[in-house]
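Participant: Got a sequence here, can you build the structure:
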Amino acid sequence: MEVRRRIEDKLAAEFAPRVLEVVNESGMHSVPRGSETHFKVVVVSAAFEGKSLVERHRLVYQALDEELRGGVHALAITSRTPEEWARRESVEPSPPCLGGSKAKA
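Facilitator: Numbering: from 1, shown residues only. Predicted coordinates for the structure are as follows:
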């Protein structure tokens, strides 16, 4: 199963999210074509109620522990409660990669 799909399945099972977006952003980085190493996730769930941003991210990292140990290099996380999402239903675009061979001298 592809990495993006495993991430979706695990986050859906763990958080029963109202909104779930998993974007493979590997193509924005200095990795071989078709890689699944850099992801952006948006998770909107009641499971985040009363939790700090750090606690929310820890929960996501725990849910994706196998993927993070097995090849996922970067994970950008937006974790909101349904109320927070209702106030702002958008996510900033990821900045361009400046690492590896894309770094400017």
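
Participant: Can you list the low-confidence ranges for this structure?
Facilitator: 1, 27-28, 30-32, 34-35, 98-105 (pLDDT under 70).

Participant: Need the residue closest to the centroid of it.
Facilitator: Centroid-nearest residue in the chain: Val41, 2.6 Å away (criterion: Cα atoms, centre = their mean).

Participant: Doesn't it belong to a strand?
Facilitator: Yes: assigned with DSSP: H, G, I helix; E, B strand; the rest coil, Val41 falls within a strand.

Participant: host element of Leu59?
Facilitator: According to DSSP states H and E, Leu59 maps onto helix 53-63.

Participant: Give me the contacts around that helix.
Facilitator: With Cβ atoms under 8 Å, 6 or more residues apart in numbering as the test, helix 53-63 has contacts from 10-11, 14-15, 41, 43, 47-48, 51, 68, 75, 77, 79. Heads up, the C-betas are built off the backbone N, CA and C, glycines and all.

Participant: Restricting to C-alpha, output the strand or helix carrying Ala13 in CSV.
Facilitator: Secondary structure from DSSP H and E places Ala13 in helix 3-15. Only the C-alpha atoms of helix 3-15 are listed here, as CSV (Å, rounded to 0.1, in the frame of the first residue of the first chain):
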residue,chain,number,x,y,z
VAL,A,3,2.6,5.6,2.1
ARG,A,4,0.0,8.4,1.5
ARG,A,5,-2.8,5.9,1.8
ARG,A,6,-1.4,4.3,5.0
ILE,A,7,-1.2,7.8,6.5
GLU,A,8,-4.8,8.6,5.6
ASP,A,9,-6.0,5.2,7.0
LYS,A,10,-4.1,5.6,10.3
LEU,A,11,-5.2,9.2,10.9
ALA,A,12,-8.8,8.4,10.0
ALA,A,13,-8.9,5.4,12.4
GLU,A,14,-7.1,7.3,15.2
PHE,A,15,-8.9,10.6,15.1
